[in-house]
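Chemist: structural data only, the sequence is not supplied:
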């Protein structure tokens, strides 16, 4: 069982930045691949970014490539999402997800069973 708690959401103007954090409860955090997803009102949840257990590999959705950076600190059991050049269309609830390390292979992330509660990100124009 892995418990995930996101933080760092808020309201910012277009062009601004935010850094989201996702803290995991489990000491074997380093054995999990991690990802961020988001869900805007009236839309399905969508993939944003993923990172391998070691942090050596990352994958991004085309819509955020070049603006968002996913990273992790295994010593702190935390994964981050640095979001720059934010746009109104980035407005959504952002969720982190954990999956066994083998679920991330060849730049493909297979969604795991563990989700955080989400953190709201709102971008004003």
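Modeler: That came through, no problem. Here the structure is a predicted model, which means the values were calculated and not measured.
Chemist: contacting residues for the residue nearest the centre of the chain?
Modeler: Central residue check for the chain by C-alpha atoms, centre = their mean: the C-alpha nearest the mean position is that of residue 36, 2.3 Å away. Residue 36 makes contacts with 20, 22, 48-50, 70, 79, 81, 94-97, as judged by C-beta atoms under 8 Å, 6 or more residues apart in numbering. Heads up, the C-betas are built off the backbone N, CA and C, glycines and all.
Chemist: got those residues as CSV, with distance to residue 88 columns?
Modeler: Formatted as CSV, the entries for the contacts of residue 36 read as follows, by distance: C-beta to C-beta, whole Å:
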residue, distance to residue 88
20, 17
22, 23
48, 16
49, 19
50, 24
70, 22
79, 25
81, 18
94, 15
95, 20
96, 22
97, 24
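Chemist: and which of these is nearest to residue 111?
Modeler: Closest approach to residue 111 among those (C-beta to C-beta): residue 97, at 5.9 Å.
Chemist: fine by me, thanks again.
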